[in-house]
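S.K.: this one's structure only:
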């Protein structure tokens, strides 16, 4: 094969001179007919051996499944066994152990943080409950409840519970929140 080459700057492309010569070359002519027949014979034998091996393998697989059936080994039990082995292998791995330890430590720290938070919240609620504002609110609620009980007891069934609640709400609405502490403490004492 001869090629004509031009420089990279020439406008004409590279061309091949004898394309017909390349198509005339037969790569199989390099071996004799005897060699070709020998290779074909060997190929046929290999294909027959492959077919025989497939049949033997199928027979062995059938025998294998029959033996498992006699032992009571089902595909599900095999799956369970494989899963359990894989699970055990994973649990004994160092990566799993390190991750487990890390998560355990994180869980302990989180638990301690929630305990501290719960204690702080309980303390704040205790402080709130002991504050003067909450005591005043609590006394007002107790006073309102006792007023309702008194009115329900006095009316003796003359009115419904809703009427008593509305009259108590009306009475407490007449007391303005702008009353000074002395007035509200006088009222609280009367309850």
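M.R.: Structure's in. What do you need? None of these values were measured; they are calculated from a predicted model.

S.K.: so which residues of this structure form strands?
M.R.: For the chain, the strands defined by DSSP state E occupy 3-4, 15-16.

S.K.: in terms of mean pLDDT, which of those ranks lowest?
M.R.: Sorting the strands of the chain by mean pLDDT places strand 3-4 lowest, at a mean of 48.

S.K.: avg pLDDT for the top helix by length along the chain?
M.R.: The longest helix of the chain (DSSP state H) is helix 33-71. Mean pLDDT, helix 33-71: 95.

S.K.: shaky segments in this structure?
M.R.: Applying pLDDT under 70 to the chain picks out residues 1-29, 154-161, 164, 172-191.

S.K.: hmm, 50 instead?
M.R.: By pLDDT under 50, the weakly predicted segments of the chain are 1-5, 8, 25, 176, 178-189.

S.K.: mind giving me the domain split of it?
M.R.: With domains defined by the TED database, the chain comprises 35-92, 95-151.

S.K.: now these as a markdown table including mean neighbour count and distance to residue 165?
M.R.: All C-beta atoms are positioned from the backbone trio N, CA, C, and that covers glycine. Converted to a markdown table, the domains of the chain look like this (neighbours: other Cβ atoms under 10 Å; distance: least, Cβ to Cβ, whole Å):
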| stretch | mean neighbour count | distance to residue 165 |
| --- | --- | --- |
| domain 35-92 | 10 | 63 |
| domain 95-151 | 11 | 7 |
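
S.K.: which stretch among those comes nearest residue 168?
M.R.: Comparing the domains of the chain against residue 168 with Cβ to Cβ, the closest turns out to be domain 95-151 (5.1 Å).

S.K.: for this structure, just list every one of the helices.
M.R.: According to DSSP H, the helices that the chain contains are 19-24, 33-71, 75-91, 94-129, 132-155, 161-174, 181-190.

S.K.: just the angle between the fifth one and helix 94-129, please?
M.R.: Between the axis of helix 132-155 and that of helix 94-129 there is an angle of 60 degrees, by axes from the mean of the first three to the mean of the last three Cα atoms, to 10 degrees.

S.K.: returning to what we had before: now the domains of the chain as CSV including distance to residue 169?
M.R.: Below are those laid out as CSV (distance: least, Cβ to Cβ, whole Å):
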stretch, distance to residue 169
domain 35-92, 65
domain 95-151, 8
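
S.K.: before we move on, back to that, angle of the longest helix of the chain against helix 75-91?
M.R.: Taking the same axes, to 10 degrees, one finds that helix 33-71 is oriented at 90 degrees with respect to helix 75-91.

S.K.: and residue 114, how far is that from residue 105?
M.R.: Noted for residue 114: a distance of 15 Å to residue 105, by Cβ to Cβ, to the nearest Å.
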